[in-house]
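Asks: What follows is a predicted structure for the sequence shown.
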2 protein chains.
Amino acid sequence: MRKRMMSGLVLGLLLLFVARAEPQTDPLPSWNDGPAKKAIVEFVQVTTDKASSKFVAPEARIATFDQDGTLWVEQPMYTQVMYCLERVPAVVKAKPELKDVEPFKTVLSGNREAMAKLSMRDLEKILAATLTGMSVEQFGAEVKEWLGKAQHPRFKRPYTDLAYQPMLEVLKYLRANDYKTYIVTGGGQDFVRVYAEAVYGIPPEQVVGTAGGTKWGYDKSGRPFLTKEPKLLLNDNDAGKPQGIHLMIGRRPYAAFGNSTGDRQMLEYTGAGDGARLMMLALHDDATREYAYGPARGLPPSKVGTFPQALYDEAQKKGWTVISIKSDWKRIFGFE
Amino acid sequence: MRKRMMSGLVLGLLLLFVARAEPQTDPLPSWNDGPAKKAIVEFVQVTTDKASSKFVAPEARIATFDQDGTLWVEQPMYTQVMYCLERVPAVVKAKPELKDVEPFKTVLSGNREAMAKLSMRDLEKILAATLTGMSVEQFGAEVKEWLGKAQHPRFKRPYTDLAYQPMLEVLKYLRANDYKTYIVTGGGQDFVRVYAEAVYGIPPEQVVGTAGGTKWGYDKSGRPFLTKEPKLLLNDNDAGKPQGIHLMIGRRPYAAFGNSTGDRQMLEYTGAGDGARLMMLALHDDATREYAYGPARGLPPSKVGTFPQALYDEAQKKGWTVISIKSDWKRIFGFE
């Protein structure tokens, strides 16, 4: 009897010990321990601890994320540009007169070498033809349909599978701590809104992106609808990012994540606020698991264009944290 | 003993009865019973009841509200126009060369008759001088300071006291039922954002309004800031309201509230969605407690301009609910 009592006591103590020793669930399991993970966790801790001098009221907790190259793969080409190119056959089918007109003719040829030589003006014509001229509902349906069947050329998976697992964890972790997470993308706002909720858990109203105007009109039955117009309202790149944040959010973010010169002003704007601010830049330095393009990697200038040495230097100088995808990310995709 | 038991039983039954008979708290105590209140309550019930065919998923619950004349008083002049006129002395003090230049000279004279004759072009000059040219932070501070001391000419109270109590109850009631409440105003987005959270419980990111561009720059210490520019990005009136909703929210509202022709397209856009939709127009028909301007009231045409007979007819035809301020609102302001 005494023995049973003792063993009961030991078991109880053991259970107590196990319960106490059980580690808190790691909110960022796909991150290796290191300065990047530490910066995120410490930022969340000091801004959500009421006793901290850097406490941020829940309603002011705004975090902004670039998309291409920050939340998902942007190589070998922005997904939206891929969409526009792959939409060309359907556009030409609806407007056969475009068949022999450049740049549509070249895109239809499928000649990758010729396509690589298309000018910015050509690309603008393709974007205008594939992103405007239809109702916002029709556009959304077209994007959704394409996303359901399109595949990334290297990973042979839907583009929506190519969100970075470590960043999905950061989004969740911040939201669990009452941060409102926004996408602030150079990509088309209407394009990204189609899948942002499903892929990132970010609703349409929290997607800020390059935006065009719409035209108000009525169909034959008198039902009103909006048509997408080739009129630029917001170029959400570079200084356009803080401008877009002011326009659409109206508050300065406490945390901002980017990966290129297009995100520089967003990070500067975030860093110019007082209290604790988190500015992070993803450096693509893992050619094996993803891609390598960035400063001081011996890459041709065309490849370091989005993350030149000057941006790296500014990050060092201003205390922004550079995420090394190679070292900081335990795994890159959810399907791995 | 038996008697005590009985009385205990009776007391218990009484308590039970009292508990059961206690009416559910009325979410809209400042509304008289009538078709307007009924429309709001029924809309909330059918869209939040999972068993209803008109159930709306919480994340899709968007309600949009015009501000001037819908959420607060817009007579005798929009508050923001009042602000701009009252800012003129400070602007002229900073730029003395404007003292003898029209329309500033007339505004400085304080001659109400002369001011009433100012043209739209004059007004635009005043708006540009008082709403642009400063950093967004400086503008916010100036508006905040003015709101702290300005008074409505008739009610002799701060403008922020002149929010309609019945509408504050609608905002709260909708939010308690997981609706995201947005202001969609023809007024300046930056202006309304200064007080929307304190007055309406609506955070800056849920204020859509007429918006201008901003310029990115750095001060002497290298700190970046945005300067308000006299460049119109969104005229959030008429068709601009659904356009603004698409741009800033990206979802069609389930409920929309307005009070003038400037809200017509927003109500049409809302009503063009499927399922249950609530479209409401406030009719100002109470000269005693507030103001009377609207159709069929024997008012001069200048006064019915914002709610002409044609809008009333469209509301009847499309099943929008007209709120009679005189009949539907038990009280108008919170301070009453």
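Replies: Ah, there it is.
Asks: secondary structure element for A:Thr185?
Replies: Here A:Thr185, judged by DSSP states H and E, is contained in strand A:180-188.
Asks: elements contacting that strand?
Replies: strand A:62-65, helix A:79-94, helix A:165-176, helix A:196-200, strand A:207-218, helix A:240-248 (3 or more C-beta pairs under 8 Å, 6 or more residues apart in numbering or on different chains; DSSP states H and E). C-beta: built from backbone N, CA, C; applies to glycine.
Asks: hmm, try it at 6 Å
Replies: strand A:62-65, helix A:165-176, strand A:207-218 (3 or more C-beta pairs under 6 Å, 6 or more residues apart in numbering or on different chains; DSSP states H and E).
Asks: Quick one, which of the ones you listed gets closest to chain B.
Replies: For the helices and strands packed on strand A:180-188, proximity to chain B was assessed by C-beta to the nearest C-beta; strand A:207-218 is nearest, at 3.5 Å.
Asks: partner strands of the closest one, parallel or antiparallel?
Replies: strand A:180-188 (parallel), strand A:224-234 (antiparallel) (DSSP bridges).
Asks: Not counting it itself, show me its contacts.
Replies: A:183-189, A:192-193, A:196, A:224, A:226-229, A:231-236, A:244, A:248, B:239, B:243, B:246-247 (C-beta atoms under 6 Å, 6 or more residues apart in numbering or on different chains).
Asks: Could you do stretch A:35-50 as well?
Replies: With C-beta under 6 Å, 6+ apart, stretch A:35-50 has contacts from A:28, A:31, A:52, A:54, A:56, A:177, A:276, A:278, A:321, A:323, A:328.
Asks: Let me know the closest of those residues to chain B.
Replies: A:Val56 (14.0 Å).
Asks: Spatially nearest residue to that closest one (excluding sequence neighbours)?
Replies: A:Thr47 (4.3 Å; C-beta to C-beta, 6 or more residues apart in numbering or on different chains).
Asks: Same check on A:Ser109?
Replies: That would be A:Met115: by C-beta to C-beta, 6+ apart, it lies 8.0 Å from A:Ser109.
Asks: Tell me the spacing between A:Tyr291 and chain B.
Replies: A:Tyr291 sits 30 Å away from chain B, going by C-beta to the nearest C-beta, to the nearest Å.
Asks: tell me the mean pLDDT for stretch A:105-123?
Replies: Per-residue pLDDT values across stretch A:105-123 average out to 90.
Asks: Going by neighbour count, which residues in it are buried?
Replies: A:106-107, A:115, A:118, A:122 (16 or more other C-beta atoms under 10 Å in any protein chain shown).
Asks: Quick check: residues of the stretch 201-336 of chain A near chain B?
Replies: Contact residues, the stretch 201-336 of chain A versus chain B (C-beta under 6 Å from any C-beta of the partner chain): A:203-205, A:211, A:214, A:216, A:223-224, A:226, A:239, A:243, A:246-251, A:268-269, A:272.
Asks: Would you mind checking those residues for buried ones?
Replies: By 16+ other C-beta under 10 Å, those give A:203-205, A:211, A:214, A:216, A:224, A:226, A:239, A:243, A:246-251, A:268-269, A:272 as buried.
Asks: residues near the spatially closest residue to A:Glu314 that is not a sequence neighbour, how many?
Replies: With C-beta to C-beta, 6+ apart as the criterion, A:Glu314 has its nearest non-adjacent residue at 7.0 Å, and that residue is A:Arg264. Here the count is done by other C-beta atoms under 10 Å in any protein chain shown, and A:Arg264 has 19 residues near it.
Asks: Can I take it that A:Arg264 is in a strand?
Replies: No. Secondary structure of A:Arg264 (DSSP: H, G, I helix; E, B strand; the rest coil): helix, not part of a strand.
Asks: Pull up the gap between it and A:Asp66, please.
Replies: 11 Å (C-beta to C-beta, to the nearest Å).
Asks: Now do the helices in the stretch 1-150 of chain A.
Replies: A:2-21, A:35-48, A:79-94, A:104-109, A:112-116, A:120-131, A:136-149 (DSSP state H, counting those that start in this stretch).
Asks: residue contacts, whatever residue of the stretch 51-200 of chain A ends up closest to chain B?
Replies: With C-beta to the nearest C-beta, the shortest gap between the stretch 51-200 of chain A and chain B falls at A:Arg193, namely 5.0 Å. Contact analysis of A:Arg193 by C-beta under 6 Å, 6+ apart lists A:204, A:207, B:250.
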